[in-house]
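Q: how would this look folded up:
(chains A and B)
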Amino acid sequence: MIPGPFDYHCPKTLSEAIGLLSQHRDDAKVLSGGQSLLPLLKLRLGSAGHLVDIGRIPGLEYIKEEGGSLKIGGRTKEAALEASDLVRKKYPILADTAAVIADPLVRNLATVGGNLAHGDPANDHPATMLALGASVVATGPKGERTIAVDEFFTGLFSTALAPDEILTEIRIPAPPARSGGAYVKLERKVGDFATAAAAAQVTLGAGGEVARAGIALTNAGPTPVRVEAAEKYLQGRKPDSAAIAEAAKLAAQAGEPEADRRGSVEYKREMARVLTARALKRAVERAQGQGT
Amino acid sequence: MAKHEIKVQVNGEAREAEVESRLLLVHFLREMLRLTGTHIGCDTTHCGACTVLLDGAPVKSCTVLAVQADGREVMTVEGLEKDAKLHPIQEGFFQEHGLQCGYCTPGMMMTGYALLQANAKPSEGDIRRAISGNLCRCTGYVNIVKSVQHAAAAMAASTK
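A: Numbering: from 1, shown residues only, chains lettered A, B, ... in the order given. Below is the predicted model of the structure:
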């Protein structure tokens, strides 16, 4: 399959890239790893008159802790996230996520920023970033602005990014002591989108009770779903199996999953319940220093 | 529609061409350079038959634009054999019956080759994870895993 015709631009700087986006607006798409965009263009599910390849702009690939945040450059590859010792040790929910995105070959090109900016509720990072309380940095003609991930996903394949903005960084608050997270995904085969998947990030108080819980679901509606009811329920409670089971039930009621070849609505809700319970259990174990 | 002059190192050789923006890397390799060892399978980023190394990393060449490879290094299955001698990964697939129809084999070998560059002693789990983006409908993967293990052992023996 061959994509429809487009012009390809290869800017060497961010400002040059933003200039091209400002010029072509809705007729332009940002090409990062291309692992979602190119299949879309090849299948002719989408089209663009101009592709602005950010692949040769220096300084967009990094993973570092700075000023109380984990900062991930927008073009950082999933493979780099998966291989990062810092991520594995301190942000295991991100390592869990990177390891189940598409397949290893795709992860050699696919980028974290692209996974978010594509606005696909079937992508895996959105739920993870919601659970982590992350924000993204959008860079446009007027400079940078920060957008909370909670406000980033505005609809199916739609985000809060303006046509002339590029997602240049993801910022995740560094977790306090006694924090842990996990991402658990059910997929029919490697490389498939989630039938259902749950992200959970938990911080425990000194007495072992839940000080903060972030819970979100993948592929459970037109946008990634944050399960605030379950987060609130857990707040201040001991995360024992009864509390986790109740929170998981609340997750099953969240979102608007649609029936498709991956399963019925009832099945997807039931899987959301099971996976939320598993993600919470692993997150709590990791917060208690027992997990792997 | 814009055309682009690209220069790509393919299997160690500088190759130049004028390409359309939308030309995919796999078509550049197969149709312009006539390197037909790289196969097109699903054409939807699933099967891995088109796997080549781009700056050393295995990628699906049906999901890369040829212009994106400008100034970079590509290695295809044709780059494995040296001086009429099969690379150990090729020898491994031959000795262990790592193929039946052979369609997935170039991709499997490129992924296997890249794995062994990064991890000289992979476990069975490492191999299975590495090839999880390469589909084979004939072998059930058992002999493919053995083939990569065969290559790992041969490469370890040759460096002793």
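
Q: who are the packing partners of the strand or helix carrying A:Gln23?
A: According to DSSP states H and E, A:Gln23 maps onto helix A:14-24. Packing contacts for helix A:14-24, counted by 3 or more Cβ pairs under 8 Å, 6 or more residues apart in numbering or on different chains; DSSP states H and E, involve strand A:28-31, strand A:50-53, strand A:135-140, strand A:166-173. From N, CA and C alone the C-beta is placed, and that goes for glycine too.

Q: ok, which of those strands comes nearest chain B?
A: Among those, strand A:50-53 comes nearest to chain B, with 6.6 Å by Cβ to the nearest Cβ.

Q: past the closest one, which element shows up next along the chain?
A: Assigned by DSSP H and E, the successor of strand A:50-53 is strand A:63-66.

Q: strand partners of that following strand, parallel vs antiparallel please.
A: strand A:69-73 (antiparallel) (DSSP bridges).

Q: show me what counts as buried in the next helix or strand after the strand it pairs with.
A: Next in sequence after strand A:69-73, counting helices and strands by DSSP H and E, comes helix A:78-83. Going by neighbour count (16 or more other Cβ atoms under 10 Å in any protein chain shown), the buried part of helix A:78-83 is A:Glu78, A:Ala79, A:Ala80, A:Leu81, A:Glu82.

Q: again, but for stretch A:24-38
A: A:His24, A:Ala28, A:Lys29, A:Val30, A:Leu31, A:Ser32, A:Gly33, A:Gly34, A:Gln35, A:Ser36, A:Leu37, A:Leu38.

Q: name the nearest residue to the first one, ignoring sequence neighbours.
A: What it means is A:His24. In space, and not counting its chain neighbours, A:His24 is closest to A:His50: 4.5 Å by Cβ to Cβ, 6 or more residues apart in numbering or on different chains.

Q: same question for the third one.
A: Excluding its sequence neighbours, the residue lying closest to A:Lys29 (Cβ to Cβ, 6+ apart) is A:Ala48, at 4.1 Å.

Q: same question, the last one
A: By the measure of Cβ to Cβ, 6+ apart, the closest residue to A:Leu38 outside its immediate chain neighbours is B:Thr63, 4.9 Å from it.

Q: right, and the one you found touches A:Gln35 too?
A: Yes - applying Cβ atoms under 8 Å, one finds B:Thr63 in contact with A:Gln35, separated by 6.0 Å.

Q: what parts of the stretch 51-200 of chain A come near chain B?
A: A:51, A:53, A:55, A:79, A:102-106, A:108-109, A:190-191 (Cβ under 8 Å from any Cβ of the partner chain).

Q: go again using 7 Å as the cut-off
A: Contact residues, the stretch 51-200 of chain A versus chain B (Cβ under 7 Å from any Cβ of the partner chain): A:Asp53, A:Gly55, A:Asp103, A:Pro104, A:Leu105, A:Val106, A:Asn108, A:Leu109, A:Val190, A:Gly191.

Q: greatest separation within these: which pair is it?
A: Pairwise distances among these were taken by Cβ to Cβ; the largest, 27.7 Å, belongs to A:Asp53 and A:Val190.

Q: who has more neighbours, these two?
A: Between A:Asp53 and A:Val190, counted using other Cβ atoms under 10 Å in any protein chain shown, A:Asp53 has the larger neighbour count: 20 against 17.

Q: check contacts around that one.
A: A:Tyr8, A:His9, A:Cys10, A:Leu31, B:Gln68 (Cβ atoms under 7 Å, 6 or more residues apart in numbering or on different chains).

Q: tell me which residues are up against stretch B:38-56.
A: Contacts of stretch B:38-56 (Cβ under 7 Å, 6+ apart): A:1, A:35, A:39, A:105-106, A:191, B:26, B:29-30, B:58-64, B:69, B:72-77, B:103-104, B:106-107, B:110-111, B:114, B:133-135.

Q: among those, which ones are in helices?
A: Applying DSSP state H to the contacts of stretch B:38-56, the entries found in helices are A:Pro39, A:Leu105, A:Val106, B:Val26, B:Pro106, B:Gly107, B:Met110, B:Thr111, B:Ala114.

Q: let me see the ranges of the strands in chain A.
A: A:7-9, A:28-31, A:50-53, A:63-66, A:69-73, A:135-140, A:143-148, A:153-155, A:158-159, A:166-173, A:179-186, A:196-204, A:210-218, A:225-226 (DSSP state E).

Q: now A:Ile170: how far from B:Ala17?
A: 37 Å (Cβ to Cβ, to the nearest Å).

Q: roughly how far does B:Ala153 sit from A:Ala194?
A: Counting by Cβ to Cβ, the gap from B:Ala153 to A:Ala194 is 38 Å.

Q: more neighbours, the two?
A: A:Ala194 (27 against 13).

Q: touching, that one and A:Leu186? I think so.
A: Yes - using Cβ atoms under 7 Å, A:Ala194 is in contact with A:Leu186, at 6.4 Å.

Q: can you pick the most crowded of the residues of the stretch 51-200 of chain A next to chain B?
A: A:Leu105 (31 neighbours).

Q: returning to what we had before: around the residue nearest to A:Lys29, count how many other residues there are.
A: There are 20 residues near A:Ala48, going by other Cβ under 10 Å.

Q: which residues sit in contact with it?
A: Contacts for A:Ala48 were tallied using Cβ under 7 Å, 6+ apart; they are A:Phe6, A:Asp27, A:Ala28, A:Lys29, A:Leu41.

Q: with distance to A:Leu250 and pLDDT added, can I get those in TSV?
A: Compiled in TSV, the contacts of A:Ala48 are given as follows (distance: Cβ to Cβ, whole Å; pLDDT from 0 to 100):
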residue	distance to A:Leu250	pLDDT
A:Phe6	45	97
A:Asp27	43	97
A:Ala28	41	98
A:Lys29	37	97
A:Leu41	39	97
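
Q: and the gap between the closest residue to chain A within chain B and B:Asp70?
A: Per Cβ to the nearest Cβ, B:Gly133 is where chain B lies closest to chain A, at 2.8 Å. Using Cβ to Cβ, we find B:Gly133 at a distance of 25 Å from B:Asp70.

Q: so between the two, which is more surrounded?
A: Under the criterion of other Cβ under 10 Å, the comparison of B:Gly133 against B:Asp70 puts B:Gly133 first, with 25 against 17.
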